[in-house]
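*Asks:* Give the three-dimensional model of this entry:
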Amino acid sequence: MLSLSGFWIKDMDKRLIYRVVLKLLFLLLLVVLTLVFFRSLFTKSHDEIPLQTSLSVVELDVNGMVKGDIRKIQWNGKQVSVLRLENNKYFTYINVGDSGNCPLFKEANGFKDICTGTRFDFLGRQKGNEEQGFKLKSPPSYYQDNKLYVGEKK
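*Replies:* Predicted structure coming up:
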């Protein structure tokens, strides 16, 4: 005589068991994704998280930089990049493009926002629309005694 549980397992279609298991896994995945999306709604944005203490002026030693070199520093909680153009001329810019979130990638003729694909020249103007397009934000800076200072001159 067969037990009831043994009878049930032998006669049950294996495809039905697989379907039930797949549906349960899909339901579990759906619940996990819903929780992840729900939790992401209540996180702080990158602008609200301080990267470091706000400094009014940051000093950068530019000795040894050649044309085309880029150095990065933190100023007022933002990543600022400094590009050496030519004799004692530098372009300082906040390292985000028009998307507002993605860093810029240096190309041969300028910069590219890696999220939107927008290109900028080495003066921060949007290529193809220099007069009305988006310009890269540039913090105040000045050059003195082989050092570049980012911030307001005191």
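*Asks:* Next, L29: secondary structure please.
*Replies:* Classification of L29 by DSSP: H, G, I helix; E, B strand; the rest coil places it in helix.
*Asks:* and G68, what element?
*Replies:* For G68, there is no host helix or strand (DSSP states H and E).
*Asks:* where exactly do the strands run in this structure?
*Replies:* 57-61, 70-75, 78-86, 89-94, 104-107, 110-113, 119-120, 141-144, 147-151 (DSSP state E).
*Asks:* CA atoms only for the last one, dumped as CSV, please.
*Replies:* Below are the C-alpha coordinates for strand 147-151, written out as CSV (Å, rounded to 0.1, in the frame of the first residue of the first chain):
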residue,chain,number,x,y,z
LYS,A,147,50.7,78.0,-7.1
LEU,A,148,47.1,78.1,-8.2
TYR,A,149,44.5,79.1,-5.6
VAL,A,150,40.9,78.0,-6.0
GLY,A,151,38.5,80.3,-4.2
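*Asks:* what lines up beside that strand in the sheet?
*Replies:* The strands that strand 147-151 pairs with in its sheet are strand 57-61 (antiparallel), strand 141-144 (antiparallel) (by DSSP bridges).
*Asks:* re earlier: select, out of the strands of the chain, the one closest to K135.
*Replies:* Smallest distance to K135 across these (CB to CB): 8.1 Å, for strand 119-120. All C-beta atoms are positioned from the backbone trio N, CA, C, and that covers glycine.
*Asks:* Pull the distance from that closest one to the chain's centre.
*Replies:* 17 Å (CA atoms, centre = their mean, to the nearest Å).
*Asks:* From the centroid of the chain, which residue is nearest?
*Replies:* C102 (3.6 Å; CA atoms, centre = their mean).
*Asks:* Tell me if I'm right that it and F111 touch.
*Replies:* No - counting by CB atoms under 8 Å, C102 stays clear of F111, with 11.2 Å between them.
*Asks:* Could you list the low-pLDDT ranges of this protein?
*Replies:* 1-12, 43-55, 129-133, 154 (pLDDT under 70).
*Asks:* 50 - rerun?
*Replies:* 1-4, 46-53 (pLDDT under 50).
*Asks:* List the contacts of V62.
*Replies:* Contacts for V62 were tallied using CB atoms under 8 Å, 6 or more residues apart in numbering; they are R71, V82, R84, Y90, Y143, N146, K147, L148.
*Asks:* Noted, bye for now.
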